[in-house]
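**Student:** Just the structure for this:
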Amino acid sequence: MSHENINEVKEFYENGAEINRLERGLGIIEAARTKEILARYIEPGMAVCDVGGGVGYYSNWLAELGCDVTLFELAPSAVAYAKQHQTCPYPAFAADARSLPAQDASCDVLLLMGPLYHLLERESRLRALAEAKRVLRPGGLLIAAGISKFSSATWALSTYRTSNELIDDEVYLDMLRRELTTGEHHRPEKYPNMIAQAYFHTPEALAQEISDSGFTPETSLAVEGCIWFTPDLNKKWEDPAARERLLEILRLTEGQSSLLGLSPHFLTLARK
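**Tutor:** Numbers count the residues shown, from 1 in each chain. Model prediction:
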């Protein structure tokens, strides 16, 4: 029986879940690190498809860098927001990652920064990956984001919580049990602001799905890595010297397989 309910995901983003998310709290670190990693591989002039690109945070940034960007996003209101807040023009369309209105072999880089963790069924994720492969040029680069299978557990235990009330809540713990045993995240009614339905991967499992889709995985890199639970992280991040020390630790450990699952987000890079 299918557990897929893509309307829940669409509604979540239609209601503005991504607006300013990367400009506050841990999102600041996520955004800075994602940009840092993307900048290593994406050069001005490249054709980039940002699939599941939300309100265009990365699309706009890449367009400003001189890339030929096209945004595809499931939620029409997010697409409208992206168009209204462009500082550098780029086309944006409402579309499902499993069926893209894009030509074959039309981009150098394709970003899947959300779809693979919002599709519960493996078959749906493979369909999104097949579309990515179709749209990429030979030798093109896929950059896919995963949310760690352990993210809700580490969040509940982290210094971002003022107390351990989450792990003392049977409703939250029941959600954790399901995530840790099956990878499936189902938002409890008690926590309406939590992310919509999702599939949380281990780094190894995401790389395997990408490989099973005919890509050649190259590396997986932690986004927030092992620094994200640092006490007063956002305050330290505002201090350039402290931020650089944190980033040095993160860069030295970003590819360590033994630490990857500790990072709330990670990126897997693969070639067509």
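**Student:** Confirm Cys49 sits in a strand?
**Tutor:** Yes: counting by DSSP: H, G, I helix; E, B strand; the rest coil, Cys49 is found in a strand.
**Student:** quick one: it and Cys67 touch, right?
**Tutor:** No: between Cys49 and Cys67 there is no contact under Cβ atoms under 8 Å: 10.4 Å. The way it works is simple: take the backbone N, C-alpha and C, and place the C-beta from them, glycine included.
**Student:** tally of neighbours for the nearest residue to Ala97 once chain neighbours are set aside?
**Tutor:** Nearest non-adjacent residue to Ala97, counting by Cβ to Cβ, 6 or more residues apart in numbering: Pro115, 3.7 Å away. Neighbourhood size, Pro115 [other Cβ atoms under 10 Å]: 28.
**Student:** For Ala207, see how far away Pro115 is.
**Tutor:** 16 Å (Cβ to Cβ, to the nearest Å).
**Student:** Can you pull the poorly scored residue ranges out of this structure?
**Tutor:** Scanning the chain for pLDDT under 70 picks out 1-4, 161-164.
**Student:** repeat that with 90
**Tutor:** For the chain, the stretches with pLDDT under 90 are 1-17, 157-168, 193.
**Student:** Buried ones in stretch 204-219, by neighbour count?
**Tutor:** 206-207, 209-210, 213, 215, 217 (16 or more other Cβ atoms under 10 Å).
**Student:** how long is that stretch end to end?
**Tutor:** Stretch 204-219 has an end-to-end distance of 11 Å (Cα to Cα, to the nearest Å).
**Student:** Then stretch 85-100?
**Tutor:** Start-to-end, stretch 85-100 (Cα to Cα) is 23 Å.
**Student:** Other residues contacting it?
**Tutor:** Contacts with stretch 85-100, where a contact means Cβ atoms under 8 Å, 6 or more residues apart in numbering, come from 6, 49, 51-53, 55-56, 59-60, 63-64, 68-76, 79, 82-83, 101, 112, 115, 119, 124, 127-128, 131-132, 134-135.
**Student:** sorry, back to before: may I see the buried residues of stretch 204-219 arranged in a markdown table, with secondary structure and distance to Glu244 as well?
**Tutor:** Converted to a markdown table, those look like this (DSSP: H, G, I helix; E, B strand; the rest coil; distance: Cβ to Cβ, whole Å):
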| residue | secondary structure | distance to Glu244 |
| --- | --- | --- |
| Leu206 | helix | 29 |
| Ala207 | helix | 30 |
| Glu209 | helix | 35 |
| Ile210 | helix | 32 |
| Ser213 | coil | 37 |
| Phe215 | coil | 34 |
| Pro217 | strand | 30 |
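**Student:** could those residues go into CSV alongside distance to Leu260?
**Tutor:** Listed next are those as CSV, based on distance: Cβ to Cβ, whole Å:
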residue, distance to Leu260
Leu206, 10
Ala207, 10
Glu209, 15
Ile210, 15
Ser213, 20
Phe215, 18
Pro217, 13
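**Student:** Closest to Leu267 out of those?
**Tutor:** Leu206 (9.6 Å; Cβ to Cβ).
**Student:** Hmm, Leu112 and the closest one touching each other?
**Tutor:** No: using Cβ under 8 Å, Leu206 is not in contact with Leu112, being 10.2 Å away.
**Student:** Alpha carbons of the longest helix along the chain, as PDB, please.
**Tutor:** Secondary structure assigned by DSSP state H gives helix 26-41 as the longest helix of the chain. Provided in PDB are the C-alpha atoms of helix 26-41 (Å, rounded to 0.1, in the frame of the first residue of the first chain):
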ATOM      1  CA  LEU A  26      20.400  26.900  12.000                       C
ATOM      2  CA  GLY A  27      19.200  27.800   8.500                       C
ATOM      3  CA  ILE A  28      21.900  30.400   8.400                       C
ATOM      4  CA  ILE A  29      24.600  27.800   8.700                       C
ATOM      5  CA  GLU A  30      22.800  25.400   6.300                       C
ATOM      6  CA  ALA A  31      22.600  28.200   3.600                       C
ATOM      7  CA  ALA A  32      26.200  29.300   4.000                       C
ATOM      8  CA  ARG A  33      27.600  25.800   3.800                       C
ATOM      9  CA  THR A  34      25.300  24.800   0.900                       C
ATOM     10  CA  LYS A  35      26.500  27.800  -1.000                       C
ATOM     11  CA  GLU A  36      30.100  27.000  -0.200                       C
ATOM     12  CA  ILE A  37      29.800  23.500  -1.500                       C
ATOM     13  CA  LEU A  38      27.800  24.500  -4.600                       C
ATOM     14  CA  ALA A  39      30.400  27.100  -5.500                       C
ATOM     15  CA  ARG A  40      33.100  24.400  -5.700                       C
ATOM     16  CA  TYR A  41      31.400  22.700  -8.500                       C
END
